[in-house]
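[1] Give the three-dimensional model of this entry:
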Amino acid sequence: MTIKLDFKTVQNLKSAGRYTDALVKGLQLWVKPNNRKYWIFRFSHNKRSHDLSLGVFPALSIAQARIEAQKVRDQLEVGINPALARKAEKAPKQEKILFKDFALDCLEKKKPEWSNQKHAAQWLYTLEKFAFSVIGNKALDEIDTDDILTILEPIWSTKTETASRLRGRLEWILASATTRKLRSGVNPALWRGHLQTILSAPSKLMKVKHHKAMDLKDLPYFIEALRQQDCVAALALEFLILNASRTGEVIGGLRSEVKEGLWAIPASRMKAKKEHRVPLCNRSIEILAIASAMDENSIYLFSKNGKPLSNMAMPMMLRRLKKDVTVHGFRSTFRDWVSELTDHSPEVAEMALAHTIRNQVEAAYRRGDLLERRRTLMKDWEKYCTDGGKNA
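    The predicted structure follows:
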């Protein structure tokens, strides 16, 4: 029944039922059998009828009921379902998660992936140094492209490599937030098709830096000088050179990994995450025996008081001997020797260096690790390191 509702009329209504207000379409007074009276807004959305409770009379007056009803009508005009909007208002507000807190949590969860904890330190440093001051206290769903550009643009040209790595880290963290439904939309740190259209390509800005390597002709003389040093760092460095190894492979090496002249480096310590077998030459075996005698109770190949050498032990040895080269550069020296002074094949050299085969077809067919051919290669390398310069 549609009637003109006023205070006296509503107050005197005794019969149970619904009474529609003549002034605001959809506003109804629902009188219950117990004579309690409720304001209801009746509406249709997506061809379905709904009742929305507005309040109790007389706590909610006629004027207030009409105002509330008109608000609901305004929502309908713009396509909003008032019932769902009301439900969303009553739902507990989800606490905003700040980027800094989320990033640190991501970093903690990612740590187990890294065989070298230096990576964790690098992630944390770049985030603390460049990102947290800009977006650390921003909610994950509030971070946009302008924020990312504020972080990257000041260092994109001057610290390109650092900036590029930081961008990748930001992209990964924000992608993780999207996966967990903590944000939506385009990842503002995405490179392809996004930041790529704004920032210069890193490859156009960065000059390729190679690890400083020792000249081939100087190597035998350096080995001779190295053998005059009575310390475990010198032994470790010579061992690294003789086996064309990486620093992490050597300083993390365990005595239990060496059996019958073969050093089996586990996948967890290899860059390619694949076990690498190294055929040891006579001098390498001799070095391990000396290192073992210097620290008898250690589990490591090279150690002091049972503790493995630090990352800086071998670089400091190079400084002491006044050599302006890098530890990693000796792998390049080895590769130069194979190419320039031997008939050994490049594939044997690449296998000795434990390089990943980038050609997937070739990788699929190469099942073995060319161990015997590498054994011959490393014996020849030992001979060059020992007397190559004197016979040149």
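[2] residue ranges for the strands of the chain, please.
    Applying DSSP state E to the chain gives strands spanning 2-3, 17-21, 27-31, 37-45, 48-57, 258-259, 262-265, 276-279, 303-304, 307-308.
[3] Go through the ones you listed and name the closest to Asp387.
    Across those, the minimum distance to Asp387, taken as CB to CB, is reached by strand 276-279, at 20.4 Å. C-beta coordinates here come from the backbone N, C-alpha and C atoms, glycine included.
[4] what's the distance between Ala16 and Leu29?
    11 Å (CB to CB, to the nearest Å).
[5] Pick out whichever of the two has more residues nearby.
    Between Ala16 and Leu29, counted using other CB atoms under 10 Å, Leu29 has the larger neighbour count: 21 against 12.
[6] Spatially nearest residue to that one (excluding sequence neighbours)?
    Leaving out its chain neighbours, the residue that sits closest to Leu29 by CB to CB, 6 or more residues apart in numbering is Tyr19, at 4.6 Å.
[7] To what extent is the one you found buried, counted in neighbours?
    Per other CB under 10 Å, the neighbour tally for Tyr19 reads 20.
[8] Thr158 too?
    Applying the criterion other CB under 10 Å, we find 9 residues in the vicinity of Thr158.
[9] and it, what does it touch?
    Contacts of Thr158 were listed using CB atoms under 8 Å, 6 or more residues apart in numbering, and none were found.
[10] For Ile148, give me its contacts.
    For Ile148, the contact set (CB under 8 Å, 6+ apart) comprises 167, 170, 188-189, 195.
[11] To clarify, my last question referred to Phe334.
    Here Phe334 is in contact with 241, 244, 349, 352-353, 381 (criterion: CB under 8 Å, 6+ apart).
[12] Could you double-check that Phe239 lies in contact with Ser284?
    Yes. Here Phe239 lies in contact with Ser284, judged by CB atoms under 8 Å, at a distance of 5.8 Å.
[13] what's the neighbour count on Gln117?
    9.
[14] With Lys259 instead?
    Lys259 has 9 neighbouring residues, counting by other CB under 10 Å.
[15] Now stretch 123-142: buried residues?
    By neighbour count, and taking 16 or more other CB atoms under 10 Å as the criterion, the buried residues in stretch 123-142 are 123, 126-127, 130-132, 134-135, 139-140.
[16] coming back round to it: of the contacts of Ile148, which qualify as buried by neighbour count?
    Neighbour-count burial (16+ other CB under 10 Å) is assigned, among those, to 167, 170, 188-189, 195.
[17] Output the lowest mean pLDDT helix or strand found in the chain.
    Comparing helices and strands within the chain by mean pLDDT, DSSP states H and E singles out helix 360-365 as the least confident, with a mean of 44.
[18] For stretch 21-40, which residues meet the burial criterion?
    Buried residues in stretch 21-40, counted by 16+ other CB under 10 Å: 21, 24, 26-31, 37-40.
[19] Distance from the chain centre to it, please.
    Using CA atoms, centre = their mean, to the nearest Å, the mean C-alpha position of stretch 21-40 is found 59 Å from that of the whole chain.
[20] How about residues contacting that stretch?
    When contacts are defined by CB under 8 Å, 6+ apart, stretch 21-40 is touched by residues 2-5, 10, 13-20, 41-43, 51-58, 60, 65-66, 68-70, 72-73.
[21] Now do the longest helix belonging to the chain: which elements does it pack against?
    Secondary structure of the chain read by DSSP state H shows that its longest helix is helix 160-179. In terms of contacts (3 or more CB pairs under 8 Å, 6 or more residues apart in numbering; DSSP states H and E), helix 160-179 is packed against helix 99-110, helix 118-126, helix 145-156, helix 202-205.
[22] Mind doing that once more with 6 Å?
    Applying 3 or more CB pairs under 6 Å, 6 or more residues apart in numbering; DSSP states H and E, one finds that helix 160-179 contacts helix 99-110, helix 145-156, helix 202-205.
[23] Tell me the gap between that helix and the middle of its chain.
    In terms of CA atoms, centre = their mean, the centre of helix 160-179 is found 7 Å from the chain centre.
[24] CA-only coordinates of it in PDB, if you can.
    Included here for helix 160-179 are C-alpha records, laid out as PDB according to Å, rounded to 0.1, in the frame of the first residue of the first chain:
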ATOM      1  CA  THR A 160      73.600   0.700 -14.100                       C
ATOM      2  CA  GLU A 161      74.400  -2.800 -13.100                       C
ATOM      3  CA  THR A 162      73.300  -2.200  -9.500                       C
ATOM      4  CA  ALA A 163      70.100  -0.400 -10.700                       C
ATOM      5  CA  SER A 164      69.300  -3.200 -13.100                       C
ATOM      6  CA  ARG A 165      69.700  -5.900 -10.500                       C
ATOM      7  CA  LEU A 166      67.600  -3.800  -8.000                       C
ATOM      8  CA  ARG A 167      64.800  -3.500 -10.600                       C
ATOM      9  CA  GLY A 168      64.700  -7.200 -11.000                       C
ATOM     10  CA  ARG A 169      64.500  -7.700  -7.200                       C
ATOM     11  CA  LEU A 170      61.700  -5.100  -7.000                       C
ATOM     12  CA  GLU A 171      59.800  -6.900  -9.800                       C
ATOM     13  CA  TRP A 172      60.200 -10.300  -8.000                       C
ATOM     14  CA  ILE A 173      58.900  -8.900  -4.700                       C
ATOM     15  CA  LEU A 174      56.000  -7.100  -6.200                       C
ATOM     16  CA  ALA A 175      55.100 -10.200  -8.300                       C
ATOM     17  CA  SER A 176      55.100 -12.200  -5.100                       C
ATOM     18  CA  ALA A 177      52.700  -9.700  -3.600                       C
ATOM     19  CA  THR A 178      50.400 -10.100  -6.600                       C
ATOM     20  CA  THR A 179      50.500 -13.900  -6.400                       C
END
